[in-house]
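Chemist: Sequence and predicted structure are below.
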Amino acid sequence: MYKHISVFTVLLFIVFTSFAQSEKSATDLYKEGLALSKGGNCRDAIEKYKAAIAKKPDYADALYETGWCYNELEEYDNAATYLDKAKRYAPGVSKIYFELAYANDNDDKKNDAIINYKKALELDPHYADAAKNLGDIYYSNKDYEHASEYFKKYIDDSKDVDNIYYYRIGWSFNDLGKYEDAANYLEKYEPETDEYKAKKWAELGYAHYKSKNYEIAILDYSTALDTKPDYGTAIRGIADCYYDKEDYDNALKYYLQAIETDEENSKSCYYHIGWIYNDQENYEDAIDVLQKAVDYDDKDASNREELGYAYYMTEKYDDALHQLNKAIELDENSKLGYYYKGLCYLALNDKEDAKLVYEKLKTVDEEQAEKLLKKINGE
C-alpha cells in the first residue's frame, strides 16, 4: 500500500515539475541557469540553459552561457558547439569570440583560437585577456615578435596585470634584440619564488650584457647567484661579461665553474676556455678542451679553427690540416682556416700548396691573404 503511494507521489512530482518547467519562459529558465552557474553548479545550469534554448533557439545569451559552463567543465568541444551558434545570432559580441577562442585554445586548435581572439580584439580593442591569451599562444610557439606585441597590449590595457607577464615580455624582447625594452619590463617584475627571482636577474643580466653594460650585468648575474648559487645561466653570463671585457683570467674562472656546476648546459663554454688557453699559450690544455668543443658541436667552424691553431702551434701539422680543412668545409669564408692551413704547408716545406691557399684566401680576405703572402716570401 505504502509502496504504491510512494511511487505515485514520485510520478506526480515529476509530472508537476515538467509541467511547471514547460510553463516557464525562456527568460525565466535562463535566469535560473545564471543563478546555478554563479553558485558553481554548471551541470544543472546547462540543463536550464538548454531548456531556454529549446523554447528560443536563437537565444544568444543562453547559448553563450552554455558554452561558458562547458568551458568551466573542461568539455571544450561541447563549448565550441554552443559558442559557434551564439556568434551566429550575436556576431558583434566580443565575449562570445573570446570564450570560443578559449575553447579552441584548450582543445589544441591554436589557429582557430588565434582567429577568434583577434576577432574579440577587433570588436573590443581593449580586451586585455584576449591580448594576453594571444600572446601566450605566440610565446609558446616561439613567435616572440607577435608575443611581445600582444603582451604589451595586455599590460597597457589591463587594470590588474599578472606579474609574470613582465618577465615574459622581457624575455621576448631579449630574444628580439630589444634589450633596453627588455630591461624596462624585467625591472617591473616582482617574482615570489627563489626560482623566478634567479630567472629575473639572469634575464636582466643578459639584457645589460647585450647592451655592453658589463659591470651592471655582472651585478645582475651575481644577484641571481645570491638566490641560486649553482645557477649555470648566471655563471655563464658572468664569464661572458669578463670575456668580452678581455679580462680572461676571470672569464676562465667562471667558465670552468660553469662546467663544474652545470656541464650539461655549459658545453658551449668549451670554445671560450680553449680560446683562452690558446691565448695563454697553454696549447696542450687547449687541444683537450677544444676536442670537447668539437664533440659538442662538430658543425661549428670556430671550434675547428681554434683546435687547428692549437695543433699548428704544437707542430702537429697533419692534425692541424685535418681540423682546418673541416673548418673550411663548414665555412667557405673561414679566413683563419685558410691562413693557418697555408702556414701548415709552409712548415711542411710545401710552398706550392701554400701559394694555392694564398690565392683562395685572397678571394675571402685580402688583408689576411697579404699576411700569408709575406710569410710565403719569408718577410
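Modeler: Okay, I see it.
Chemist: Show me the shaky parts of the chain.
Modeler: 1-22 (pLDDT under 70).
Chemist: again, 80 this time
Modeler: Within the chain, the set of residues satisfying pLDDT under 80 comprises 1-23.
Chemist: What residue spans form the domains of it?
Modeler: 20-124, 126-190 (automatic domain parsing).
Chemist: how about these in CSV, adding distance to Gly378?
Modeler: C-beta: built from backbone N, CA, C; applies to glycine. Listed next are the domains of the chain as CSV, based on distance: least, CB to CB, whole Å:
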stretch, distance to Gly378
domain 20-124, 66
domain 126-190, 47
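Chemist: Grab the CA positions of stretch 91-107 and hand them over as PDB.
Modeler: Extracted in PDB, the C-alpha atoms of stretch 91-107 (Å, rounded to 0.1, in the frame of the first residue of the first chain):
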ATOM      1  CA  PRO A  91      28.100  38.400 -34.200                       C
ATOM      2  CA  GLY A  92      29.000  41.700 -32.600                       C
ATOM      3  CA  VAL A  93      29.600  40.400 -29.000                       C
ATOM      4  CA  SER A  94      33.300  40.200 -28.200                       C
ATOM      5  CA  LYS A  95      33.000  37.900 -25.200                       C
ATOM      6  CA  ILE A  96      31.400  35.200 -27.300                       C
ATOM      7  CA  TYR A  97      34.500  35.100 -29.600                       C
ATOM      8  CA  PHE A  98      36.800  35.200 -26.500                       C
ATOM      9  CA  GLU A  99      35.100  32.200 -24.900                       C
ATOM     10  CA  LEU A 100      35.100  30.400 -28.200                       C
ATOM     11  CA  ALA A 101      38.800  31.100 -28.600                       C
ATOM     12  CA  TYR A 102      39.400  29.800 -25.100                       C
ATOM     13  CA  ALA A 103      37.600  26.600 -26.000                       C
ATOM     14  CA  ASN A 104      39.700  26.300 -29.200                       C
ATOM     15  CA  ASP A 105      42.900  27.100 -27.300                       C
ATOM     16  CA  ASN A 106      42.300  24.400 -24.700                       C
ATOM     17  CA  ASP A 107      41.300  21.900 -27.300                       C
END
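Chemist: returning to that earlier point: turn the domains of the chain into TSV, columns for mean neighbour count and distance to Lys375.
Modeler: Shown next, in TSV, are the domains of the chain (neighbours: other CB atoms under 10 Å; distance: least, CB to CB, whole Å):
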stretch	mean neighbour count	distance to Lys375
domain 20-124	19	59
domain 126-190	19	39
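Chemist: Give me the contacts around stretch 317-334.
Modeler: Residues from elsewhere that reach stretch 317-334, judged by CB atoms under 8 Å, 6 or more residues apart in numbering: 294, 299-302, 304-305, 307-309, 311-312, 336-338, 340-341, 344, 347-348, 364-365.
Chemist: so Glu190 touches Asn163, yeah?
Modeler: Yes - at 5.7 Å, Glu190 counts as touching Asn163 under the criterion of CB atoms under 8 Å.
Chemist: before we move on, the earlier item: show me just the buried residues among the contacts of stretch 317-334.
Modeler: Buried by 16 or more other CB atoms under 10 Å: 294, 300-302, 304-305, 307-309, 311-312, 336-338, 340-341, 344, 364-365, out of the contacts of stretch 317-334.
Chemist: In helices, which of those residues appear?
Modeler: 294, 301-302, 304-305, 307-309, 311-312, 336-338, 340-341, 344, 364 (DSSP state H).
Chemist: show me what contacts the closest residue in space to Tyr338 that isn't next to it in sequence?
Modeler: Excluding its sequence neighbours, the residue lying closest to Tyr338 (CB to CB, 6 or more residues apart in numbering) is Leu361, at 4.1 Å. Neighbouring residues of Leu361 by CB under 8 Å, 6+ apart: Lys335, Tyr338, Tyr339, Gly342, Gln368, Ala369, Leu372.
Chemist: so Ala251 is in which element?
Modeler: In the assignment (DSSP states H and E), Ala251 maps to helix 248-262.
Chemist: list the buried ones in that helix?
Modeler: In helix 248-262, counting by 16+ other CB under 10 Å, buried: Tyr248, Ala251, Leu252, Tyr254, Tyr255, Leu256, Gln257, Ala258, Ile259, Asp262.
Chemist: a markdown table please, covering those residues and showing distance to Ile114.
Modeler: Output for these, formatted as a markdown table (distance: CB to CB, whole Å):
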| residue | distance to Ile114 |
| --- | --- |
| Tyr248 | 48 |
| Ala251 | 44 |
| Leu252 | 47 |
| Tyr254 | 42 |
| Tyr255 | 42 |
| Leu256 | 46 |
| Gln257 | 44 |
| Ala258 | 39 |
| Ile259 | 42 |
| Asp262 | 37 |
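Chemist: nearest to Arg168, of those residues?
Modeler: Closest to Arg168 out of the buried residues of helix 248-262 is Asp262 (23.6 Å), distances taken as CB to CB.
Chemist: tell me the contacts of that closest one?
Modeler: Contacts of Asp262 by CB under 8 Å, 6+ apart are Asp230, Tyr231, Gly232, Ile235, Arg236.
Chemist: Of those residues, keep whichever come out buried.
Modeler: Tyr231, Gly232, Ile235, Arg236.
Chemist: ok, of these, which one's closest to Ala26?
Modeler: The nearest one, if we look at the buried ones among the contacts of Asp262 relative to Ala26 and count by CB to CB, is Tyr231, at 59.9 Å.
Chemist: I figured that closest one was touching Ala224, is that so?
Modeler: Yes - Tyr231 lies in contact with Ala224 (CB under 8 Å); the separation is 5.6 Å.
Chemist: Identify the contacts common to the two.
Modeler: Ala198, Ala202.
Chemist: what about the strands in the protein?
Modeler: Under the criterion DSSP state E, the chain contains no strands.
Chemist: For it, which residue occupies the most central location?
Modeler: Taking CA atoms, centre = their mean as the criterion, Lys142 is the residue nearest the geometric centre of the chain, at 5.0 Å.
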